[in-house]
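Peer 1: Give the three-dimensional model of this entry:
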Amino acid sequence: MPFNIDQLRNEFPALNQEVNKRPLVYFDNAATTQKPRAVIERILQYYGRENSNIHRGAHFLSQQATEAYESARETVQMFLNARHSHEVIFTRGTTEAINLVAHSFCKKFVTAGDEIIISAMEHHSNIVPWQMACEQYGAHLKIIPMDDRGVLDMEAYRQLLCEKTKMVAVTHVSNSLGTINPVKEIIDLAHEKGAAVLIDGAQALSHMKVDVQALDCDFYCFSGHKIYGPMGVGVLFGKEDWLNRMPPYQGGGEMIKEVTFEKTTYNELPFKFEAGTPNVGDVLGMEAAIRFLSYLRFDEIAIHEHDLLDYATQRLSELDNIRFIGTAPDKTSLVSFLFTDIHPYDTGTILDKLGIAVRTGHHCAQPVMDHFGVPGTVRVSFGVYNSKKEIDTLIEALKTVREMFA
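Peer 2: Got it, this is the predicted structure:
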């Protein structure tokens, strides 16, 4: 094992508890990860000693909080290898980041008859904002199909791309299937047609190192709570040129340079897209999560999590009437499955009674479930603190489920 799993688990207070009189087994990491002490303590430190609004005060606490906040921006810049810190926009999460781009980019660059491309495996957060934009501006939404393994049809994608394509928005990693998409190839092909590309990285950054300059994506977004950080905070990376040309998403304080009743001039990047009082405490908590992940090292995380994925897939295959949903050869540590004769919700409910937390349902990816003709799946998703012993516990619990419905 690449790191001491018992020692690592002790850094996560929420894992050391019982659910229904059984030790908690937490396999819902694709929905949200648990938080290490370093994150919790950083948030407590801010509210206990540094609490102040930023960028506006001449007093000590405001200056201290401002320096910490902007230092966090630089940490994110290095984490993503962005060219400039002002290409990092703090948001409430991936959903707001996508909505920001869908609103501001399309307002400036999309007109009637233009086309936007997404994939068949997108989370609703990367479907609905583009549908709304297409309806508003008269554009057409095109879908990259996938096969029954959950792999995108890249030849079909090539055929969809044309001079009318203005934006390609795809997930880096599918939240319902675990598929890792060939985003570098997707980006390069889109750029050949002059289209911009947004990558939804919500499910990627806890599992792999991302270099936005190497990818050459125009936009990349993620959420703090998926990478062992707080909820309600996230990041939009955008290339400087696009962000300078796009209009603001929201109006209010901080995003202005000068306001009169006759006219308002907008602030420089990144503040142009950060209207209102920022979520300082959670930004600092997210910075602590990034430092925590960086300390663990992504190569070691990948080894550990792929080992869990392989082991879980093998053990689940031993059970009767199991159907896997998403069998792409290139996957992160996520398994979606269901018993062919038991509803996923019933499976998840019984697992909860046995102290095991999984996610059931359509996972905010209803078109994916429609593709496979299922009402939903049981999704087991792993984090750095999970173990093979916990997978064994899951298998025994699933045997109990089978016995109950025999």
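
Peer 1: How about residue 104: what's its closest non-neighbour residue?
Peer 2: Leaving out its chain neighbours, the residue that sits closest to residue 104 by Cβ to Cβ, 6 or more residues apart in numbering is residue 246, at 4.1 Å. (C-beta placed from N, C-alpha, C; glycine too.)

Peer 1: so what's the one you found up against?
Peer 2: For residue 246, the contact set (Cβ atoms under 8 Å, 6 or more residues apart in numbering) comprises 101, 104, 105, 107, 108, 238.

Peer 1: The first one - how many residues pack around it?
Peer 2: Right, the one you point to is residue 101. Residues near residue 101, counting by other Cβ atoms under 10 Å, number 28.

Peer 1: ok, now the third one?
Peer 2: Counted with other Cβ under 10 Å, the burial measure for residue 105 works out to 26 neighbours.

Peer 1: Got the phi and psi for it?
Peer 2: When read as degrees, to the nearest 10, the backbone of residue 105 gives phi -60, psi -50.

Peer 1: where exactly do the helices run in the stretch 101-250 of the chain?
Peer 2: Listed in chain order, the helices of the stretch 101-250 of the chain (DSSP state H, counting those that start in this stretch) span 128-137, 154-160, 183-192, 212-215, 240-245.

Peer 1: out of those helices, nearest to residue 62?
Peer 2: Minimum separation from residue 62 across these (Cβ to Cβ) falls at helix 240-245, 26.0 Å.

Peer 1: Now the closest one: average pLDDT?
Peer 2: Predicted confidence along helix 240-245 averages 97 (mean pLDDT).

Peer 1: Let me see the residues that make contact with that helix.
Peer 2: 83-84, 86-87, 89, 105, 108, 196, 218-219, 269-270, 272-273.

Peer 1: hang on, the earlier thing: of all pairs in the contacts of residue 246, which one is the farthest apart?
Peer 2: Largest separation among these by Cβ to Cβ: 107 and 238, giving 14.6 Å.

Peer 1: returning to that earlier point: wait, which of the contacts of helix 240-245 is closest to residue 36?
Peer 2: The closest of the contacts of helix 240-245 to residue 36 turns out to be residue 89 (Cβ to Cβ; 25.3 Å).

Peer 1: give the contact list for the closest residue to the closest one other than its chain neighbours.
Peer 2: Take residue 89 and drop its neighbours on the chain: the residue closest to it by Cβ to Cβ, 6+ apart is residue 236, 4.3 Å away. For residue 236, the contacting residues are 88, 89, 91, 97, 100, 101, 219, 220, 221, 273, by Cβ under 8 Å, 6+ apart.

Peer 1: Redo the residues you listed as TSV? Include pLDDT and distance to residue 395.
Peer 2: Putting the contacts of residue 236 into TSV (pLDDT from 0 to 100; distance: Cβ to Cβ, whole Å) gives the following:
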residue	pLDDT	distance to residue 395
88	98	42
89	98	43
91	98	39
97	98	38
100	98	43
101	98	42
219	98	41
220	98	37
221	98	36
273	95	47
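
Peer 1: Restricted to strands, list the residues you listed.
Peer 2: Among the contacts of residue 236, the residues falling in strands (DSSP state E) are 88, 89, 91, 219, 220, 221.

Peer 1: In a markdown table, list those residues along with neighbour count and distance to residue 178.
Peer 2: As requested, the ones in strands among the contacts of residue 236 are exported to a markdown table (neighbours: other Cβ atoms under 10 Å; distance: Cβ to Cβ, whole Å):
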| residue | neighbour count | distance to residue 178 |
| --- | --- | --- |
| 88 | 22 | 27 |
| 89 | 26 | 28 |
| 91 | 24 | 25 |
| 219 | 26 | 23 |
| 220 | 27 | 19 |
| 221 | 30 | 19 |
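
Peer 1: how about the strands in the stretch 251-400 of the chain?
Peer 2: Secondary structure of the stretch 251-400 of the chain (DSSP state E, counting those that start in this stretch): strands at 256-259, 264-266, 322-324, 334-339, 356-357, 359-361, 377-381.

Peer 1: Out of the ones you listed, which is closest to residue 178?
Peer 2: Short answer: strand 334-339, nearest of the strands of the stretch 251-400 of the chain by Cβ to Cβ, at 3.5 Å.

Peer 1: Quick check: mean pLDDT of that closest one?
Peer 2: For strand 334-339, mean pLDDT rounds to 97.

Peer 1: With stretch 105-124 instead?
Peer 2: Across stretch 105-124, pLDDT averages out at 98.

Peer 1: and residue 193, how many neighbours?
Peer 2: Residue 193: 16 surrounding residues under other Cβ under 10 Å.

Peer 1: For it, which non-adjacent residue is closest in space?
Peer 2: The nearest residue in space to residue 193 (Cβ to Cβ, 6+ apart) is residue 161, at 4.8 Å.

Peer 1: On the pLDDT front, check the one you found for me.
Peer 2: Residue 161 is assigned a pLDDT of 98 by the prediction.

Peer 1: can you list the weak-confidence ranges in the stretch 1-150 of the chain?
Peer 2: 1-2 (pLDDT under 70).

Peer 1: That one: strands as residue ranges?
Peer 2: Counting by DSSP E, counting those that start in this stretch, the stretch 1-150 of the chain has strands at residues 18-19, 22-23, 25-26, 88-91, 115-119, 140-144.

Peer 1: To residue 183, which of those strands lies closest?
Peer 2: Closest approach to residue 183 among the strands of the stretch 1-150 of the chain is made by strand 115-119 (10.5 Å; Cβ to Cβ).

Peer 1: what helices or strands is that closest one leaning on?
Peer 2: Packing contacts for strand 115-119, counted by 3 or more Cβ pairs under 8 Å, 6 or more residues apart in numbering; DSSP states H and E, involve helix 128-137, strand 140-144, helix 154-160, strand 165-171.

Peer 1: and the closest residue to residue 17 other than its chain neighbours, what does it touch?
Peer 2: Nearest non-adjacent residue to residue 17, counting by Cβ to Cβ, 6+ apart: residue 24, 5.4 Å away. Counting by Cβ under 8 Å, 6+ apart, residue 24 touches 14, 15, 17, 18, 355, 357.

Peer 1: The fifth one against residue 22, yeah?
Peer 2: Yes. Here residue 355 reaches residue 22: they are 3.1 Å apart, a contact under Cβ atoms under 8 Å.

Peer 1: circling back to that earlier point, looking at residue 107 and residue 238, which is more packed in?
Peer 2: Higher neighbour count among residue 107 and residue 238: residue 238, with 30 against 15, using other Cβ under 10 Å.
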